[in-house]
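Visitor: below: sequence and its predicted model.
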Amino acid sequence: MSAVLCVVCPRVHGRDHSLPRNYCTQRRCSSNKLSSKPSFSSGVSAYSRAVANLSRSSEERVYEVVLKQAALVRKHRRESELDLKKPVENDGTTTIDWNRLNEAYEKCREFCADNDSTFYLGTLLMMPELRRAFWAISVWCRRTDELVDGPNATYTTLKDLERWEKRLNDIFEGRPCDVYDVALSDTASKYPIDAQPFKDMIEGMKLDLTKSRYEDFDELYLYCYHVAGTVGLMSVPVIGIAPKSKVSIESVYNAALALGIANQLTNILRDVGEDAIRGRIYLPQDELAQAGLSDDDIFCGKVTDKWRSFMKGQIKRARMFYDEAEKGISELNLASRWAVWSSLLLYRQILDAIEANDYNNFTKRAYVAKAKKLISLPVALGRALKGPSKLAS
Ligand SMILES: CC(C)=CCC/C(C)=C/CC/C(C)=C/CC/C(C)=C/[C@@H]1[C@@H](COP(=O)(O)OP(=O)(O)O)[C@]1(C)CC/C=C(\C)CC/C=C(\C)CCC=C(C)C
Ligand SMILES: [Mn+2]
């Protein structure tokens, strides 16, 4: 075993890199390191914490979130087994306004159908109760993104995002502010979802207000975690892990995280031209330089051989994250596997469309035709019907 440059992150690992994905194994190593460390809450100063954070890779920092989310699931399972967390029964003093709740979810459905048609199609393949939860989560994500990407984004300040975070706390504490929040508040009360990934998404949007370049993939990975990997972490507690699954909860969360990252890398590659118009380049600067490309080449938007070759590498990396995500889908509850497979297959096809456009993502939008989307659905169903892996991880 020799030290080899990682194909995904820019570091050198002492691992057998004949494995298709080494970053995952590397992540496991860091999990060992993390679990043997004293907890940060045990008297370490904020300064040392900041220094410790600087010396850790983005993957290590994100993996720490994964460990915490997995620990929460374990705690929730224990509590349910002990019957400590009985669903709150209505004692007659609280009246649930079912009409208002149904209206709220209906509003979310409309919003999701209008703004995120690919994910909306996926939700239609879920059971009605889960579908509603996903509409509520999806609407919150889209509205959060709109704060920094929507028509009024130029007026959004860090203060606004802080207010948005306070409002999130209210949602989780059962004090919804508007009709869409009513639905998310209800979803948060029904599923063991944690506010952390939602807060982390808001942090990602803060990055969008302050940052328009990413030095290397490590920086970009952290951005992708914030704006998209978080969606994977929000989703697992709603979908649930198959009772027969023998793999660790962490590995399922890792796969969900990978799906979010893969989707975001795909978004980035699809939107290079649109982002450049807004002065944003979500591509690793060091890799652009290695390919002999500069910001000006992106702003000029000329498809050259250098660009094609650079794009091939970026597409390859995005596909690796999809491969990582695939490994976890069969561990999810059967009722949602079809939806997850579909959304993965549909989104991944955008990468094929970029190739079909001869890598012109400056002026041509890569899109997947409706017929192609529909053909993917039975393929997704076939894959979904395969059960959890027999081997424990
Ligand atoms: C084990 C395993 C594989 C589990 C699967 C877990 C799972 C369901 C993961 C979902 C991952 C997912 C769909 C991530 C979305 C990532 C994404 C596209 C984020 C976008 C951010 C910013 O994008 P940008 O501004 O660059 O691009 P636009 O041009 O604006 O699009 C987002 C826009 C954030 C908003 C995200 C959403 C609206 C997506 C919400 C999706 C869900 C809640 C999941 C729906 C899941 C299914 C299966 C249908
Ligand atoms: Mn956006």
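Guide: Here it is on my side, so go on. Ligands and ions are numbered 1, 2, ... in the order given.
Visitor: measure how far stretch 113-125 is from the centre of its chain, please.
Guide: 16 Å (CA atoms, centre = their mean, to the nearest Å).
Visitor: gap between the two ends of that stretch?
Guide: In terms of CA to CA, to the nearest Å, the two terminal residues of stretch 113-125 are separated by 14 Å.
Visitor: contacting residues around that stretch?
Guide: In this structure, residues lying in contact with stretch 113-125 by CB atoms under 8 Å, 6 or more residues apart in numbering are 112, 130-131, 134-135, 138, 142, 338-340, 342-343, 346-347, 373, 377, 380. Any C-beta I mention is one placed from the backbone N, CA and C, and that applies to glycine too.
Visitor: among those, which lie within helices?
Guide: Secondary structure of the contacts of stretch 113-125 is defined by DSSP state H; positions in helices are 112, 130-131, 134-135, 138, 142, 338-340, 342-343, 346-347, 373, 377, 380.
Visitor: so which of those residues are also by ligand 1?
Guide: 134, 138, 142, 339-340, 343 (CB under 6 Å from any ligand atom).
Visitor: A258: which of the residues you listed is nearest?
Guide: For those, the residue nearest A258 by CB to CB is V340; the value is 12.1 Å.
Visitor: count of neighbours near the nearest residue to that closest one once chain neighbours are set aside?
Guide: With CB to CB, 6 or more residues apart in numbering as the criterion, V340 has its nearest non-adjacent residue at 5.3 Å, and that residue is I329. Burial of I329 is recorded as 23 neighbouring residues (other CB atoms under 10 Å).
Visitor: distance of D271 relative to L283?
Guide: Distance, D271 to L283, using CB to CB, to the nearest Å: 11 Å.
Visitor: do Y63 as well
Guide: Going from Y63 to L283 by CB to CB gives 24 Å.
Visitor: enumerate the residues of the stretch 101-250 of the chain near ligand 1.
Guide: In this structure, the stretch 101-250 of the chain approaches ligand 1 at residues 116, 119, 122-123, 134, 137-138, 141-142, 145, 149, 227-228, 231-232, 235-236, judged by CB under 6 Å from any ligand atom.
Visitor: quick one: which of those sit in helices?
Guide: Residues of those located in helices (DSSP H): 119, 122-123, 134, 137-138, 141-142, 145, 149, 231-232, 235-236.
Visitor: drop anything exposed from those.
Guide: Members of these that pass the buried threshold by neighbour count (16 or more other CB atoms under 10 Å) are listed as 119, 122-123, 134, 137-138, 141-142, 145, 231-232, 235-236.
Visitor: quick check, pLDDT for the residue in the stretch 1-150 of the chain positioned nearest to ligand 1.
Guide: When distances are taken as CB to the nearest ligand atom, the stretch 1-150 of the chain reaches nearest to ligand 1 at G122, 2.7 Å away. Predicted confidence (pLDDT) at G122: the value is 93.
Visitor: how many neighbours does the closest residue to it other than its chain neighbours have?
Guide: Nearest residue to G122 in three dimensions, chain neighbours excluded: S343, at 3.8 Å (CB to CB, 6+ apart). Applying other CB under 10 Å, we find 21 residues neighbouring S343.
Visitor: which residues touch S343?
Guide: S343 sits next to 118-119, 121-122 when contact means CB under 8 Å, 6+ apart.
Visitor: save those residues as a markdown table, and put in distance to ligand 2 too.
Guide: As requested, the contacts of S343 are exported to a markdown table (distance: CB to the ion, whole Å):
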| residue | distance to ligand 2 |
| --- | --- |
| T118 | 14 |
| F119 | 13 |
| L121 | 19 |
| G122 | 18 |
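Visitor: just the helices in the stretch 201-350 of the chain please.
Guide: In the stretch 201-350 of the chain, the segments counted as helices under DSSP state H, counting those that start in this stretch are 217-224, 230-239, 249-270, 272-277, 285-290, 295-300, 305-329, 334-356.
Visitor: can I get these in a markdown table with distance to R365 and mean pLDDT?
Guide: Formatted as a markdown table, those follow (distance: least, CB to CB, whole Å; pLDDT from 0 to 100):
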| stretch | distance to R365 | mean pLDDT |
| --- | --- | --- |
| helix 217-224 | 21 | 97 |
| helix 230-239 | 22 | 97 |
| helix 249-270 | 7 | 97 |
| helix 272-277 | 8 | 97 |
| helix 285-290 | 22 | 98 |
| helix 295-300 | 16 | 97 |
| helix 305-329 | 15 | 98 |
| helix 334-356 | 9 | 96 |
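Visitor: of D271 and L283, which one has the most company?
Guide: Between D271 and L283, counted using other CB under 10 Å, the more crowded position is L283 (24 against 17).
Visitor: neighbours of G313, how many?
Guide: Neighbourhood size, G313 [other CB under 10 Å]: 12.
Visitor: what sits closest to it if chain neighbours are left out?
Guide: In this structure, G313 finds its nearest non-sequential neighbour in E287, 7.2 Å apart by CB to CB, 6+ apart.
Visitor: what separates that neighbour from ligand 2, distance-wise?
Guide: When distances are taken as CB to the ion, to the nearest Å, E287 and ligand 2 turn out to be 23 Å apart.
Visitor: got the contact list for that residue?
Guide: When contacts are taken as CB under 8 Å, 6+ apart, E287 is in contact with 216-217, 310, 313-314.
Visitor: done for today, thanks.
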